[in-house]
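In: task: produce atomic coordinates for the following.
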Amino acid sequence: MPAIAAFCPGCGHHMKQIPPTDRAVAALAYLTLVPAAVLLFLPAYRNSAFVRFHACQSVLLWGAFGLFTIVALLLSNITSAMAFLLLGIIASLAMFFLWVVLSLKAWQGELFELPLFGTLADRLR
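Out: Presented below is the predicted three-dimensional model:
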């Protein structure tokens, strides 16, 4: 690996030691949309690429989940409410497990990119 590599391309583990406060803040970014959005504007974390990446990915993920929820609620009034209820339960469970995995990866100091959201977050940081 090159000497200037920040993350391992295979596993996403950070090559330099990340301070525990940055890891905790990055894990906190996945809590909801609000802490992640606030972290993007705090001057203390403006220069931390690790925290900014996780905050951007969290904002994109929670924004997509919120948009999906609003569309599903609107469509459930028009079509079969039971189908959208089951779909909503499955989506909520998937979001819960994704939240746990992303928070743990951030706590461990790994850069875990989701397929679409990770590439967008990498561009935004």
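In: helices of the chain, start to end?
Out: 20-28, 33-41, 49-78, 81-107, 117-124 (DSSP state H).
In: so how far is residue 94 from the residue lying closest to residue 40 once chain neighbours are set aside?
Out: Spatial nearest neighbour of residue 40, excluding adjacent residues (Cβ to Cβ, 6 or more residues apart in numbering): residue 55 at 5.1 Å. (Glycine included, C-beta is placed from N, CA and C.) With distances taken as Cβ to Cβ, to the nearest Å, residue 55 is found 21 Å from residue 94.
In: can you check residue 27 too?
Out: Distance from residue 27 to residue 94, by Cβ to Cβ: 19 Å.
In: those two: which has the busier surroundings?
Out: Ranked by neighbour count (other Cβ atoms under 10 Å), residue 27 and residue 94 place residue 27 first, with 19 against 11.
In: my guess is the more buried one meets residue 110, correct?
Out: No. Using Cβ atoms under 8 Å, residue 27 is not in contact with residue 110; the gap is 10.9 Å.
In: pretty sure the residue nearest to residue 40 contacts residue 26?
Out: Yes. Counting by Cβ under 8 Å, residue 55 does reach residue 26; the two are 7.5 Å apart.
In: what is the burial count for residue 22?
Out: 19.
In: returning to what we had before: any chance of a markdown table for the helices of the chain, columns mean pLDDT and distance to residue 8?
Out: Listed next are the helices of the chain as a markdown table, based on pLDDT from 0 to 100; distance: least, Cβ to Cβ, whole Å:
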| stretch | mean pLDDT | distance to residue 8 |
| --- | --- | --- |
| helix 20-28 | 89 | 16 |
| helix 33-41 | 86 | 24 |
| helix 49-78 | 86 | 14 |
| helix 81-107 | 87 | 13 |
| helix 117-124 | 82 | 15 |
